[in-house]
Structures are given as structure tokens and as C-alpha cells.
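> got a sequence here, can you build the structure:
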Amino acid sequence: MITITTYNNKSHLYFRIFVCISLFVFVLQNFLPNSTFYLGLFVPDVVGISQTFDYMMNYGAEARYLLGLYILYYPAWLIHPSLSLVINLVLMSYVFKFIEKIFTQTNTIAPPFIFLGLFVNPYLFLAVTGPNKEIPLLFATLYIIQCLMFKPKHWLVKAVFVAVFSVFLRDGYGMILLLTIFFWDMIKLKITSKWKLALIFTVVVSVSLGFLQNKFSFIDRNVTLAGEIAEIQSETIFNLSQSENPLVLMFAHVLRMIYNWITLSVFPIFKVNGVVYVLGIAYWIFGIFAGISIFANIFYLIKKKTSDINNLGIRLAGMVMFLWSAVSVSLFIHPRYLMPFLPIAFGVMMMHRKILLKNLVFIYLLCMFGVIAFYSISGNRPVVYHEIEWMAPSFLLFK
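Now for the predicted structure:
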């Protein structure tokens, strides 16, 4: 059983705000007429998972590759798929409590900013209405981090259970969570050394993918998928990742980290067919805050004295560096994989002094708009949009 002790009960207030925004989006999804703008209120993956569950319900198909989602969301289909919203809001209620518990031990962040990291990702409001992977993985990530920090009763068993369950949601990320537990609890080193060792480990794994591909099926699937979508994303990076030179493979890993870090902020999709694309704007907003937050986390680790092993920011920023590097082991660029730990990165960012934080934000935004302007003027913006065949998902009540 998961138990949480709240300190100032601030999480309840901000969770209610989150619920209100989520219900507003749910109403729009149910009652707006079909249009290009309307389609932008839906996440294709969420609609796709919903349609897969419909197929499983009608034809009794196996849930082999969706086992975690099946366990979590399929019971809703036995009553009505719209109950996915309730399941997601229950998970989010715990997420708010986890955030409160993690950051309440520091007085450097005012309560509104503790929770703001959950509101600067509009994607959550579009995904919360249906079955998805991001909200359960956000829950899992924050639960494991707060277990590592406070070590409540039987925490290791619970944390490992949550990480293993995450393997059945997104196998690679679940393995990353297991490694997070290993490095931050099993390895007996100073806090300031653990994240560096963990970071080195991700690079070693990245360089060894060619060997590991034949050992692990999820790595083989990742390499195969990366090859299939290389033309859409970055064929250059994929080709570098196929080199046999370890230095080239390390360089490719760094490039993937950079692309995961900045892609959504510098390559926005504002319109589709001349109409405002809500999901594209949601991705852009998330990309901006993810970019700034990671930039601030890097600077936090550089700025703080490495001897300050009790500094909360160093512990959390070190975890962010590991998670960012670990998801970048994947051979295809997928900035959405940064979503589960954005609230942690955002919280560390807010620990900076105001004047320094303003400077970091200014530098990132200046570079970001510079890149956007360059690609816009050159007419060579690397954005590909694919129309999808639309059918109203079953998690809606009135469509």
C-alpha cells in the first residue's frame, strides 16, 4: 500500500486546478464539431491505444505488447472507456503528493512553483482523458524517486514492483527505473559520484548496442524501428549510430541527447492546413520548459560544490542527467520520453537564484528563437506531418 504524508496540504489545491482544466478539455473533446482544430485536441497514441482496446474487446485479441496498459486501463472498458479519465486523475492525485513530499524539505521553492512543473506540460491535459503511457510513467518515476529519498517501510520491494510494472508499459524506460534504484541505493558511493557513474554506464550501453541487440529483444526492436523512421527523423544520426568506432558512437549518443533536449522547442508545429494545431503547441510549450529545465540542471551541477553531498538539488539534478542520458540510448529521437521526469528537472531549476534563473532562461530562449528564425528563413524546417484516419475514440461520452 502506498502511503503519503502531506505537509501543508497544498497539493490538494493545485490538484483541483488540474482536475478543472482536465474536465474542460474533456468537454471540448466531447462537444466541439469535427475539424482540423478539433483533431489537435487528441494525442494520436492515446486514440490508437483506445482503438486497440476496442479491437481486443470485440475480437478477443491478445494483450501481449500492451500488458501494463491492459492491466491499468482495460477494466474501464468493462464499464465505459471514459473511466480512463478517472484512472488518470487518481494517478495524478498521487503525483501531486509525491512532488510535494520531494520538494517540501527545501524552503527555496514557493509552493506554487513546486507544482508548476506539472502544469507546464499541456500534453498531460490532452492525454489525461484516455489510456496513455506518460501519466503512469510519471507516477512511477516520482514514486521511485521519493522512495529513494525517504526510504519508507518496505520501500525497496514497492519501488522494484513499480519499476517492473513499468517494464510492461514501456520496456526500455522500466529498465531505466530499475537501474535508477540500483545506482542510487545499491552502489555505495557519495551522492556526487553516483550520477557520474550512472552517466558513464549509459554511454557504455549506447556504445555496446550492436552487441546487445542480439541479446535483448526490446533493444532489437528499438534499432529496427530507428532504421524505419530514420528518413523522417535524422538519417545522419542513425548512420553515425551504426558505426563500429566507439568514439563515433559516443558522439552519436551526445547528438541524440541534444536532439531529445531541444527538438520540440526549436521545431514547433503551430498550424496544420492553415488551422491552429493544439497538440503541436502543447508539444512546443513542453519542449520549451523541458529545454530550459535541463539547461538549468546542467548548470546546477556545474555551479554547486561537489562536496555538498546533502544538497537536494545535486541529488535530483544527478538523477535527471542519468534519466536524460538513459532515454537517449534509444536510437530514435523521442523528446516525449523526457516527460516523466520534467517535474523534477523543473523543481531543480526553481532552486536557482532569481537573477541567475532569469539569465539562464534568456540565454536558452535567445538560442531557441535564433534556431527557429534560421530554419524559417531558410525554408528548410525539418517538420513532417502525417494526416491520420480519424474515428472518434470510445473514451468519449457524447461522440
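> do you know how far F346 is from M321?
15 Å (C-beta to C-beta, to the nearest Å). Heads up, the C-betas are built off the backbone N, CA and C, glycines and all.
> more crowded one of the two?
Neighbour tally, F346 and M321, criterion other C-beta atoms under 10 Å: the higher count belongs to F346, 28 against 22.
> and the more buried one, that's in a helix?
Yes - assigned with DSSP: H, G, I helix; E, B strand; the rest coil, F346 falls within a helix.
> pull the contacting residues for it.
Contact analysis of F346 by C-beta atoms under 8 Å, 6 or more residues apart in numbering lists L116, G117, V120, F289, S293.
> host element of the last one?
To tie it back to what came earlier, the one meant is S293. helix 278-303 (DSSP states H and E).
> got the contact list for the spatially most central residue of the chain?
In the chain, the centroid-proximal residue (C-alpha atoms, centre = their mean) is M339; its distance is 1.8 Å. Taking C-beta under 8 Å, 6+ apart, we find M339 in contact with N121, Y123, L124, E134, L137, L138, F286, A290.
> among these, who's most crowded?
Ranking the contacts of M339 using other C-beta under 10 Å puts A290 first, with 27 neighbours.
> which parts of the stretch 1-150 of the chain are helices?
10-31, 36-39, 44-59, 67-77, 84-103, 111-119, 123-127, 134-150 (DSSP state H, counting those that start in this stretch).
> so what pLDDT did the most far-flung residue of the chain relative to its centre get?
Ranked by distance from the centre of the chain (C-alpha atoms, centre = their mean), the top residue is Y59, with 32.2 Å. Predicted confidence (pLDDT) for Y59: 75.
> could you do A373 as well?
89.
> where's it, which helix or strand?
Going by DSSP H and E, A373 is part of helix 354-378.
> show me what contacts the residue farthest from the centre of the chain?
Contacts of Y59 (C-beta under 8 Å, 6+ apart): none.
> please report how far it lies from T52.
11 Å.
> kindly report the same for M349.
In terms of C-beta to C-beta, M349 sits 37 Å off from T52.
> what about the nearest residue to T36 once chain neighbours are set aside, how many neighbours?
Nearest non-adjacent residue to T36, counting by C-beta to C-beta, 6 or more residues apart in numbering: V275, 4.1 Å away. Number of residues near V275 (other C-beta under 10 Å) recorded here: 14.
> so V275 touches F37, yeah?
Yes - if you go by C-beta atoms under 8 Å, V275 and F37 touch, sitting 5.1 Å apart.
> shared neighbours, those two?
With C-beta under 8 Å, 6+ apart, V275 and F37 have no common neighbours.
> tell me the pLDDT of P111.
66.
> going forward can the numbers begin at 56, since that is how I track them
All set: I'll call the first residue 56, so the last point we hit is now P166.
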